[in-house]
Each structure stands twice: as C-alpha cells, then as structure tokens.
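> Curious how this folds, go ahead:
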Amino acid sequence: MDMTYYDHGTPAERWERARMFFDAKDYAAAARVLDGLVEEVPEQTGPRLLLARSYYHSAQLRRAEAELRVLVERDPVEHYARLMLGRTLERQGRHEEAGSHLRIASALTGDFEQV
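Prediction:
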C-alpha cells in the first residue's frame, strides 16, 4: 500500500482508521496512520499516546520513548504516559531509569502497593 492510504481523509477518519488497525493488532499500520496525524495535531494527547502504544507493541521502543517523553514533558501528571514510559524503558533494559517513572505513575494513581 502506498502512503496516500494512511494519509487519506479527515483527521477524525484517520483517527478511527488508526484505532481500527490498533484494535486488529496491526500496530505498524496504526503507527503509519498516527504519525501523520500527530504531526498535524501535535497538541492532542490521544493520538500521540496511541502512537506511542503502537510503537511499543511493534517493538519500536526508541520511537515509543520519544513520544512518551513529549507527553510527560507537556503534562507531568499524565499517569498512563508515565506508566508506559516506565514499561518502555524496562523493555530496553533501563530498569533504574524506569523505576522512577513507575513510582511516579503509582503515586499518581494511588497504587502504592505495586511498587
């Protein structure tokens, strides 16, 4: 498929298409759709978070980390982005760095027993 398929339609249509790919576990295709969407609406959290999740599930961990760091920098109390960042760092073998993000995520959700 050429890239025009992934870029075709309104932002709402592309968001729905990306969610369908993600739900079908075609994470790489979801990321291709979301990459352009995030570029178009960089201030929106939802598309960027789903892009990070798509990267994570397709083992594009550096890309997932980059998107999650943008979210955490912009909104330090976004607990799910913190959790995902911690898990992404863990998968990269960066356990010490992951620990701080996982502790913050636990504190933000009030789940102190997990850490």
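> for Glu43, phi and psi?
phi -80, psi -10 (degrees, to the nearest 10).
> ok now do it, which residues does it touch?
Glu43 sits next to no residue when contact means CB atoms under 8 Å, 6 or more residues apart in numbering. Any C-beta I mention is one placed from the backbone N, CA and C, and that applies to glycine too.
> what about it, distance to Val70?
Counting by CB to CB, to the nearest Å, the separation of Glu43 from Val70 is 11 Å.
> Could I get the CA-only coordinates of the host helix or strand of Tyr80 as CSV?
Tyr80 belongs to helix 79-91 when elements are defined using DSSP states H and E. Coordinates of each C-alpha in helix 79-91 appear next as CSV, following Å, rounded to 0.1, in the frame of the first residue of the first chain:
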residue,chain,number,x,y,z
HIS,A,79,-0.1,8.8,34.8
TYR,A,80,-0.6,6.5,31.8
ALA,A,81,2.2,8.1,29.8
ARG,A,82,4.4,7.7,32.9
LEU,A,83,3.5,4.1,33.2
MET,A,84,4.1,3.4,29.5
LEU,A,85,7.4,5.3,29.7
GLY,A,86,8.5,3.1,32.6
ARG,A,87,7.5,-0.1,30.8
THR,A,88,9.2,1.1,27.6
LEU,A,89,12.4,1.8,29.5
GLU,A,90,12.2,-1.6,31.2
ARG,A,91,11.9,-3.4,27.8
